[in-house]
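A.B. asks: Quick one, fold the following:
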Amino acid sequence: QLRLVESGGGSVQPGGSLTLSCLTSGSTLDDYSIGWFRQAPGKGREGVSCIRIGVNTAYADSVKGRFTISRDDAKNMVYLQMTSLKPEDTAVYYCAAILQNQGLCNLVYPYHLWGQGTQVTVSP
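C.D. replies: Numbers count the residues shown, from 1 in each chain. Below is the predicted model of the structure:
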């Protein structure tokens with residue numbers, strides 16, 4: 001089954017940018033939707049963005065226009081480019097996958113494969 005490993009987190013000032021990477025292995029991405037989720041201290045997990053290869057991408061309203069999800073087939077990677085970062089973007093970010101071979105990706109689906117998470121901190 002698909003395995004996921006995130007990287008690229010760190011600390012950045014408000015207005016800055018970071019790109020998170022999700023390295024996948026063990027199966028082809030064509031059979032999965034990949035999502036990025038985040039969890040801030042004391043808060044529940046929030047869906048950020050998802051991608052179903054060749055079909056669609058989707059974004060939470062809070063990140064539309066600032067974050068971009070993409071993939072690199074040659075590297076088995078899924079990326080989350082984050083720009084104009086705000087303190088409220090501070091969270092642990094997780095890459096997740098759900099087996100899906102039809103329909104659009106959607107952040108409300110029960111993603112069942114998860115990476116270990118990477119911390120993003122936005123502060124002055």
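
A.B. asks: okay, now residue 78: neighbour count?
C.D. replies: Per other Cβ atoms under 10 Å, the neighbour tally for residue 78 reads 27. Where C-beta positions appear, they are placed from N, C-alpha and C, glycine not excepted.

A.B. asks: and what of residue 101?
C.D. replies: Residues within reach of residue 101, counting by other Cβ under 10 Å, total 9.

A.B. asks: pretty sure it contacts residue 28?
C.D. replies: No: Residue 101 lies out of contact with residue 28 (Cβ atoms under 8 Å); the separation is 10.9 Å.

A.B. asks: Mutual contacts of those two, please.
C.D. replies: Residues touching both residue 101 and residue 28 (Cβ atoms under 8 Å, 6 or more residues apart in numbering): none.

A.B. asks: Point to the residue nearest the middle of the chain.
C.D. replies: Taking Cα atoms, centre = their mean, the centroid of the chain lies closest to residue 36, which sits 2.2 Å from it.

A.B. asks: Tell me the bridge partners for that one.
C.D. replies: Assessed by DSSP bridges, residue 36 has beta-bridge partners residue 49, residue 95.
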